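1. A structural model of the following input is requested.
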Amino acid sequence: METTAPVVVDCDSCLVRCPAVCGDCVVSVLLGPPSDVAFDADERAALDALAATGLVPPLRLVVGVSDPERHVDAS
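-> From the prediction side, this is the model:
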């Protein structure tokens with residue numbers, strides 16, 4: 001299995017943060033409005049699988065490109 005860096009979700013740095021978008025983001029659905037959340041590769045794969053079947057909304061995180069430590073969801 002390929003090892004990838006965890007996806008760090010910092011809602012404060014999300015470029016599309018607003019009630020309309022956050023209410024339909026998997027982070028808010030599963031955890032409520034958080035500060036920072038980190039998902040490892042297995043957790044991210046599980047969330048992607050749940051979202052693909054419509055059980056939870058997808059991760060809607062959008063971050064700026066100036067932070068090389070953050071990973072942007074391309075889906």
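2. quick one: the biggest helix by length in the chain to chain centroid distance?
-> The longest helix of the chain (DSSP state H) is helix 41-52. The chain centre lies 10 Å from the centre of helix 41-52; the measure is Cα atoms, centre = their mean, to the nearest Å.
3. what's the nearest residue to R17 if we skip its chain neighbours?
-> Computed as Cβ to Cβ, 6 or more residues apart in numbering, the closest residue to R17 that is not its neighbour in sequence is C11, at 6.1 Å. Backbone N, C-alpha and C define where each C-beta goes, glycine included.
4. neighbours of the one you found, just the number please.
-> Counted by other Cβ atoms under 10 Å, the residues lying close to C11 total 17.
5. Hmm, it is touching P19, no?
-> No. Using Cβ atoms under 8 Å as the test, C11 is too far from P19 to be in contact (12.0 Å).
6. Can you give me the pLDDT of the most centrally placed residue in the chain?
-> The residue lying closest to the centre of the chain (Cα atoms, centre = their mean) is L59, at 3.9 Å. Each residue has a pLDDT score; the one for L59 is 80.
7. measure it to V21 for me?
-> 11 Å (Cβ to Cβ, to the nearest Å).
8. got the buried residues for the helix or strand of the chain with the lowest mean pLDDT?
-> Lowest on mean pLDDT, DSSP states H and E among the helices and strands of the chain sits strand 36-39, with a mean of 72. Neighbour counts over strand 36-39 (16 or more other Cβ atoms under 10 Å) mark 37, 39 as buried.
9. Give me the distance from that strand to the chain's centre.
-> Worked out by Cα atoms, centre = their mean, strand 36-39 lies 8 Å from the chain centre.
10. Partner strands of that strand, with direction?
-> Sheet partners assigned to strand 36-39 using DSSP bridges are listed as strand 7-10 (antiparallel).
11. could you give me the average pLDDT of the partner strand?
-> The model assigns strand 7-10 a mean pLDDT of 77.
12. then stretch 18-36 to PDB, C-alphas only?
-> The C-alpha coordinates for stretch 18-36 follow below in PDB (Å, rounded to 0.1, in the frame of the first residue of the first chain):
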ATOM      1  CA  CYS A  18     -19.600  29.600   4.200                       C
ATOM      2  CA  PRO A  19     -22.700  28.100   5.800                       C
ATOM      3  CA  ALA A  20     -24.100  27.000   2.400                       C
ATOM      4  CA  VAL A  21     -20.900  25.000   1.600                       C
ATOM      5  CA  CYS A  22     -19.900  23.900   5.100                       C
ATOM      6  CA  GLY A  23     -23.300  22.400   5.700                       C
ATOM      7  CA  ASP A  24     -22.700  20.000   2.800                       C
ATOM      8  CA  CYS A  25     -19.100  19.100   3.700                       C
ATOM      9  CA  VAL A  26     -18.300  15.700   5.200                       C
ATOM     10  CA  VAL A  27     -16.300  17.300   8.000                       C
ATOM     11  CA  SER A  28     -19.400  19.200   9.300                       C
ATOM     12  CA  VAL A  29     -21.700  16.300   8.800                       C
ATOM     13  CA  LEU A  30     -19.500  13.800  10.700                       C
ATOM     14  CA  LEU A  31     -17.900  16.100  13.300                       C
ATOM     15  CA  GLY A  32     -19.700  19.300  13.500                       C
ATOM     16  CA  PRO A  33     -17.900  22.600  12.800                       C
ATOM     17  CA  PRO A  34     -14.300  21.700  13.700                       C
ATOM     18  CA  SER A  35     -11.100  23.700  13.900                       C
ATOM     19  CA  ASP A  36      -8.400  21.300  12.400                       C
END
